[in-house]
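[1] fold the following and give me the result.
(chains A, B, C and D, ligands or ions: 4)
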Amino acid sequence: MSKLKKQEKISMLRTLLTIRKFEEKTIQLYQTAKIWGYLHPYLGQEAVAVGSCAAIEKDDYIVSTHRGHGHCIAKGGDLNKMMAELLGKSTGYCKGRGGSMHIADTELGILGANGIVGGGIPISVGAGFSCKFDKKGRVTICYFGDGASNNGVFHESLNMASIFKLPIIYICENNLYGISMCSKDSVACKNIGDRASAYAMPGYVIDGSDPEEVYKTVSGAVEHARKGNGPSLIEAQAYRFTGHHPNDPAEYREKQEVEYHKTEKDPVHNYSKKLADEKIIGSEELEAMEKEIQKMVDSSVEFAEKSPEPELDKFLEEVKNI
Amino acid sequence: MSKLKKQEKISMLRTLLTIRKFEEKTIQLYQTAKIWGYLHPYLGQEAVAVGSCAAIEKDDYIVSTHRGHGHCIAKGGDLNKMMAELLGKSTGYCKGRGGSMHIADTELGILGANGIVGGGIPISVGAGFSCKFDKKGRVTICYFGDGASNNGVFHESLNMASIFKLPIIYICENNLYGISMCSKDSVACKNIGDRASAYAMPGYVIDGSDPEEVYKTVSGAVEHARKGNGPSLIEAQAYRFTGHHPNDPAEYREKQEVEYHKTEKDPVHNYSKKLADEKIIGSEELEAMEKEIQKMVDSSVEFAEKSPEPELDKFLEEVKNI
Amino acid sequence: MREIEYREALREAVIEEMDRDPKVFLVGEDIGVYGGAFRVYKGLLDKYGPDRVVNTPISEIAIIGAGIGAALTGYRPISEIMFIDFATLAMDQIVNQAAKIRYMTGDSLNVPLVIRTQGGAGRGVAAQHSQSLEAWFYHVPGLKVVMPATPYDAKGLLKTAVREDNPVMFIEQKMIYLNKGEVPEEEYLIPFGKADIKKEGSDVTIFAYSAMVFEALKAAEQLEKEGISCEVFDPRTLVPLDEEALIESVKKTSRLVVVSEACQRGSIASDISAKVTDAAFEWLDAPIKVVAGLNTPIPYNSTLEKASTPDKKDIIDAVKGLL
Amino acid sequence: MREIEYREALREAVIEEMDRDPKVFLVGEDIGVYGGAFRVYKGLLDKYGPDRVVNTPISEIAIIGAGIGAALTGYRPISEIMFIDFATLAMDQIVNQAAKIRYMTGDSLNVPLVIRTQGGAGRGVAAQHSQSLEAWFYHVPGLKVVMPATPYDAKGLLKTAVREDNPVMFIEQKMIYLNKGEVPEEEYLIPFGKADIKKEGSDVTIFAYSAMVFEALKAAEQLEKEGISCEVFDPRTLVPLDEEALIESVKKTSRLVVVSEACQRGSIASDISAKVTDAAFEWLDAPIKVVAGLNTPIPYNSTLEKASTPDKKDIIDAVKGLL
Ligand SMILES: Cc1ncc(C[n+]2csc(CCOP(=O)(O)OP(=O)(O)O)c2C)c(N)n1
Ligand SMILES: Cc1ncc(C[n+]2csc(CCOP(=O)(O)OP(=O)(O)O)c2C)c(N)n1
Ligand SMILES: [Mg+2]
Ligand SMILES: [Mg+2]
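    Ligands and ions are numbered 1, 2, ... in the order given. Purely as a prediction, here's the structure:
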């Protein structure tokens, strides 16, 4: 595991900002009803996706969740195709068939988001088998939430991954809530990361608002996996800045708690500041970067809006082959 | 938790012997095709059912498994009705509809055996809620195997039991095998009992061939539960003397392993000897007891054989109301 | 009569039954402060406390198991599966346990459990949140299947479900929670197995349930203007099914259109068609027409989504095809 | 031609495909030394080693997930669910994931996964080990459903299943594993969607699949003696279904009996009846007759068990009822 070079840090910041701005935009579009269905913003958790994806290669796999835009962007996803998908257009990742919760990109090793909480965890086992059989040193990162960690699929999958020593990094993003249930109430033990012992794999509990901490821990787990030592479980603690979805007022949370995280634990703000303090990026450079990213995001909306809707006739034709 | 009185020890021995002789008989009947379908003998694990049921009261609940005859007998089940059920007769516990894997008795708090591995574990959660809501100090014992402990239901149920502090005693009978897979290979961590920590409940790993050790540990867990402190997980290590079912030659096991358990860890033999050594029971008394039990078992067969088959017409009538 | 929302009708039913019987309690995800994904249980945590409104982790199979175990031991739980799509995670407990326990145990045990859930398309929530899976449960002996269309039916049937001694799948449809309808203030119950003719007619019977009742009514209204008189037959409960009333209606009209939102292959609509063919072939003047969803996962794009489930127009076309 | 057992035919198919394509591997419970509950995989662990014969814990949903994940990343796994009754524990992965992934992701991903399982009654293994649940999968867009009756069909169709780029439910029946039948030594494949007329006839078409084909053949044989000529139509794959051939057969005979072992309510038999009513009403001389299982959990007692699924006699009665 190498130390992060300056360029890599800047690249992480860029991705943090990209996710942040992309998600802010999707919320706007949701509120103006250009995006519909379900939308689960990744705001507040950006550092988990960014730090972890920085620790793997393009040909490694990730398995994502219903709150998956961040993972997708961090793994290199195309903003245009993402946005077009959110608008239900034929140029979208899923040709408008999937929406927010089903984005996938084989070329980038993105094995799909998922509308089923925990639905990706068993799938990661199979990707893990592939990685093992292929003997190319590939690994799979499997993301899921604190809520998902209480589902049976977590247990079966981590047990199986462990006994077959599959090269998988299980990253539980503990953002403190399922929809409305606090993980302190839903998870019987203190830390989800401690559950690793039930599967005889290394377990970690880390600050998921710090991309470098995430990067470091995940890099270690990736090395462990590539060496053939099997899976790890990492609990990355982060916070969901919004409600569960944009229309959720989240009355089940204390204002203070929200405020604390937004002011003290904002991954994007904190990392910008850190890189500024370390003189890795100047304020003008940062501003330019933000503008550029904003432009990219805006142009993804433009791309999406200009894109054609899926054709009804084609759909009716396709259905015959399902 | 009181110490075992002499009479209680004798009673445990009697139940051990009853299960032993009942199961030996069912295997005979299976081999002569009087019992058909599936039969999963409890031989070798008698001490788990006996020690644990001795630690609870008649109005406590048990949730059983596909290998459930022992639990049923230890909780006070009627041998006649059991045997009649195994022969598919209308006088059986299930009127001949269920067979070996579905025996239940409300009066005795036996909430049913189960053909689905792990199928009873979620049900125990509900029984646990009842016990808690009723405020009568009742508890539920939930039995399951090492194989079942790898199923997702284990995880969801123990987590839920823990967060709601339900009075449930989870007893995992680790008989070293699922059907053919050794628990050393199927369970990622060393001891199943250690998984308790993932649910913040007390965990125990005990010798399940010793009814007194089982009794002691379960009594402690029952006390813990009755006090409102929630569930416990007990891994009781025992051994399946037969194959998975009577026709399974069990080629996946080492002869030595089988021999070791049959000679050194036979719960019935060892406990008979212990009580003899402790002068709690004399050899004549023991012989008489064995004879009496054998007679009871034989007469259950007689009862079953004499009993009428379910009536086809009645069945066709009943089906209309399903 | 006063009009209230479908979800309010459900809430009233729950409150009345919880007040009547202390053994009734609720289990499910986000049913506490949050009040459930569609706010059916809003305010109930405050009213009844956490022992009767049990807010659970995301553990579908344990939610059903909790219901079964409590039902076996004297309680009358209502377990909630937030989307019927997630029932896929609990099928063992629903199908192998709840549905079969009474039969398998020779009536030693029984399972007075209501499983509330909702399905259907129309909200752009795509393939994993829009399924209509009632046909699965319909195919499992031992389960009752209830799918009310109106607030009135929802309330009366939910109260009956709570009092039923065997497991009930109570399946709502996500697009009709805010629909308003007449619901009396006084208590009432609706028996299972009793269909409701939502509109009388003489030329064609349209069999429709849940949200499709409204498409059928819209179709009937338009057809009326064209001089075609449709009877809209709402079975309300699919198991038990009011076959008698259905056959009677078909005898009267001699023509049948069966509507289901679910995808056509293997749908309940097909089953109804087969049943009526068998029981009333000689009364039919035309082949029974099935109007159902396309054989596709529900797409996200709203134009495609709309095209994948039946609507008024499809029903009108089917009716006209029979005449 | 040589005759081999159904399970041997399956084993041969697996061996040929594993030898042909190194990406094919097996996942399931007790498929190692034990060779699977019905010994289909006997000897394969020795032959291929533990990386290609992955013996798993009792973790049904992970068994399917393992298959899906491997399928998404270039492999061609065969996941085994020991009894179709246990598929209840894996429905999310089968239905929400495997079946929908290709569609939902706009063809970005696809899932070349075979799920082998077995169902049906007849062995006294009672309600939780005897179900016929194929109708559930039939109702899920995105799944192929294959149910071969003979060793010949089993081998040819399993080989095709392994080469199919989309998920296949390959459903066997527990009573026919030891049946022997002719299977050529040379390699062959049977395409999906191609029915097989197991016996030609002119008076009545009997649609039957899986083990029911043999009851239909026995019925046809006896009816032949009484001068009634039956055509036994075996679709072999239910999805895709060879509708064309079915309609053709019905046009020839003008009468149809549809047989399914599954319980009648919501069965595939009903669906076939509805389909043919819709497509060939004018060709029918009599209402289509459905012969299917009773609406009951399968009882343990063997007399009751026998009574709960259809046999030769029920088919004969149905055929005679049409003439
Ligand atoms: C199996 C299943 N159960 C319930 C839901 C409804 N649901 C959607 S997101 C969510 C909360 C998930 O919590 P967590 O795993 O912590 O992820 P987060 O939303 O916090 O990212 C729930 C309950 C679902 N989609 N799937
Ligand atoms: C869900 C499920 N999967 C598989 C089976 C088939 N099966 C029956 S018993 C058994 C082994 C169970 O192992 P364990 O839990 O250790 O119990 P034991 O048989 O050793 O008592 C298996 C795999 C089943 N009945 N249910
Ligand atoms: Mg969360
Ligand atoms: Mg075992």
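
[2] for chain D, what's its nearest residue on the stretch 151-300 of chain A.
    Residue nearest to chain D within the stretch 151-300 of chain A: A:Glu156 (3.8 Å; Cβ to the nearest Cβ). Heads up, the C-betas are built off the backbone N, CA and C, glycines and all.

[3] and that residue, what is it in contact with?
    A:Pro122, B:Asn150, B:Asn151, B:Gly152, B:His155, D:Pro57, D:Ser59, D:Glu60, D:Ile61, D:Ala62 (Cβ atoms under 8 Å, 6 or more residues apart in numbering or on different chains).

[4] how far away is it from ligand 2?
    11 Å (Cβ to the nearest ligand atom, to the nearest Å).

[5] ok, that residue to A:Cys189 distance?
    To A:Cys189, A:Glu156 is 18 Å away according to Cβ to Cβ, to the nearest Å.

[6] with adjacent residues omitted, what lies nearest to C:Met82?
    Nearest residue to C:Met82 in three dimensions, chain neighbours excluded: C:Ala37, at 5.0 Å (Cβ to Cβ, 6 or more residues apart in numbering or on different chains).

[7] surely that neighbour is in contact with C:Ile81?
    No - here C:Ala37 does not reach C:Ile81: they are 10.5 Å apart, not a contact under Cβ atoms under 8 Å.

[8] those two: which is more packed in?
    Per other Cβ atoms under 10 Å in any protein chain shown, whichever of C:Ala37 and C:Ile81 has more neighbours is C:Ile81, with 24 against 20.

[9] look up how far B:Leu158 lies from the more buried one.
    Going from C:Ile81 to B:Leu158 by Cβ to Cβ gives 21 Å.

[10] which residue ranges of the stretch 101-250 of chain A form strands?
    A:140-145, A:168-174, A:203-207, A:232-237 (DSSP state E, counting those that start in this stretch).

[11] pLDDT on the second one, on average?
    This predicted structure assigns strand A:168-174 an average pLDDT of 99.

[12] quick one: that strand to chain centroid distance?
    Its chain's C-alpha centre and that of strand A:168-174 lie 10 Å apart, by Cα atoms, centre = their mean, to the nearest Å.

[13] so that strand, near chain C or not?
    No - shown here: strand A:168-174 not in contact with chain C (Cβ under 8 Å from any Cβ of the partner chain), separated by at least 12.9 Å.

[14] pull the CA atoms of that strand into CSV?
    Presented in CSV, the C-alpha positions along strand A:168-174 are these (Å, rounded to 0.1, in the frame of the first residue of the first chain):
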residue,chain,number,x,y,z
ILE,A,168,-13.9,-9.2,-1.1
ILE,A,169,-13.9,-6.0,0.9
TYR,A,170,-17.2,-5.5,2.7
ILE,A,171,-17.7,-1.8,3.4
CYS,A,172,-20.6,-1.0,5.6
GLU,A,173,-21.5,2.6,5.4
ASN,A,174,-23.0,3.3,8.8
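
[15] grab the most central residue of the chain for me.
    You didn't say which chain, so I picked chain A. Central residue of chain A (Cα atoms, centre = their mean): A:His71, 2.9 Å from the mean position.

[16] look at A:Asp298 and report its pLDDT.
    98.

[17] now A:Lys3
    Looking at A:Lys3, the pLDDT reads 83.

[18] residue contacts, it?
    A:Lys3 sits next to no residue when contact means Cβ under 8 Å, 6+ apart.

[19] who in chain A is up against chain B?
    A:150-156, A:158-159, A:162-163, A:185-190, A:194-195, A:197-201.

[20] was I right to think A:Glu305 contacts A:Thr91?
    No - at 10.7 Å, A:Glu305 does not count as touching A:Thr91 under the criterion of Cβ under 8 Å.

[21] who has more neighbours out of the two?
    Legend: neighbour count by other Cβ under 10 Å for A:Glu305 and A:Thr91, higher for A:Thr91 (19 against 13).

[22] run a quick neighbour tally on the residue of the stretch 1-150 of chain A found nearest ligand 3.
    Nearest residue of the stretch 1-150 of chain A to ligand 3 (Cβ to the ion) works out as A:Gly145 at 3.6 Å. Using other Cβ under 10 Å, A:Gly145 has 26 other residues around it.

[23] for the residue lying closest to it once chain neighbours are set aside, grab the count of nearby residues.
    Nearest non-adjacent residue to A:Gly145, counting by Cβ to Cβ, 6+ apart: A:Glu173, 5.6 Å away. A:Glu173: 29 surrounding residues under other Cβ under 10 Å.

[24] what's A:Glu173 in contact with, if anything?
    By Cβ under 8 Å, 6+ apart, A:Glu173 lies in contact with A:Gln45, A:Val48, A:Arg67, A:Tyr143, A:Phe144, A:Gly145, A:Asp146, A:Gly208, A:Ala236, A:Ala238.

[25] ok, now which ones touch A:Phe144?
    The neighbourhood of A:Phe144, defined by Cβ under 8 Å, 6+ apart, consists of A:Thr65, A:Val117, A:Gly118, A:Gly120, A:Ile121, A:Phe154, A:Tyr170, A:Ile171, A:Cys172, A:Glu173.

[26] from the chain's centroid, how far away is the helix or strand where A:Tyr271 lies?
    Counting by DSSP states H and E, the element that carries A:Tyr271 is helix A:267-277. On the basis of Cα atoms, centre = their mean, helix A:267-277 sits 20 Å off its chain's mean C-alpha point.

[27] contacts for that helix, please.
    A:9-10, A:12-13, A:16-17, A:20, A:44-47, A:50, A:208-211, A:238, A:281-283, A:286.

[28] burial count for the residue lying closest to A:Phe315 once chain neighbours are set aside?
    Among residues not flanking A:Phe315 along the chain, C:Leu304 sits closest, at 5.0 Å (Cβ to Cβ, 6+ apart). A total of 25 residues lie near C:Leu304 under the criterion other Cβ under 10 Å.

[29] how about C:Lys320?
    13.

[30] what about it, which SS state?
    Following DSSP: H, G, I helix; E, B strand; the rest coil, C:Lys320 is assigned to helix.

[31] how about C:Phe233?
    Under three-state DSSP, the three-state class of C:Phe233 is strand.

[32] any idea how far the residue nearest to it when sequence neighbours are not counted lies from ligand 4?
    Counting by Cβ to Cβ, 6+ apart, C:Phe207 is the residue found nearest to C:Phe233 once chain neighbours are left out, at 4.9 Å. With the distance defined as Cβ to the ion, to the nearest Å, C:Phe207 ends up 50 Å from ligand 4.

[33] double-check C:Phe207 against C:Glu231; I have them as touching.
    No - C:Phe207 is beyond contact range of C:Glu231, at 9.4 Å (criterion: Cβ under 8 Å).

[34] now the strands for chain C?
    C:3-5, C:24-29, C:53-56, C:76-81, C:114-119, C:144-146, C:168-173, C:180-182, C:196-199, C:204-207, C:230-234, C:237-239, C:256-263, C:289-293 (DSSP state E).

[35] distance to D:Ile15 added to the ones you listed, as a markdown table?
    Shown next, in a markdown table, are the strands of chain C (distance: least, Cβ to Cβ, whole Å):
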| stretch | distance to D:Ile15 |
| --- | --- |
| strand C:3-5 | 61 |
| strand C:24-29 | 46 |
| strand C:53-56 | 47 |
| strand C:76-81 | 42 |
| strand C:114-119 | 43 |
| strand C:144-146 | 44 |
| strand C:168-173 | 43 |
| strand C:180-182 | 62 |
| strand C:196-199 | 59 |
| strand C:204-207 | 50 |
| strand C:230-234 | 55 |
| strand C:237-239 | 45 |
| strand C:256-263 | 37 |
| strand C:289-293 | 41 |
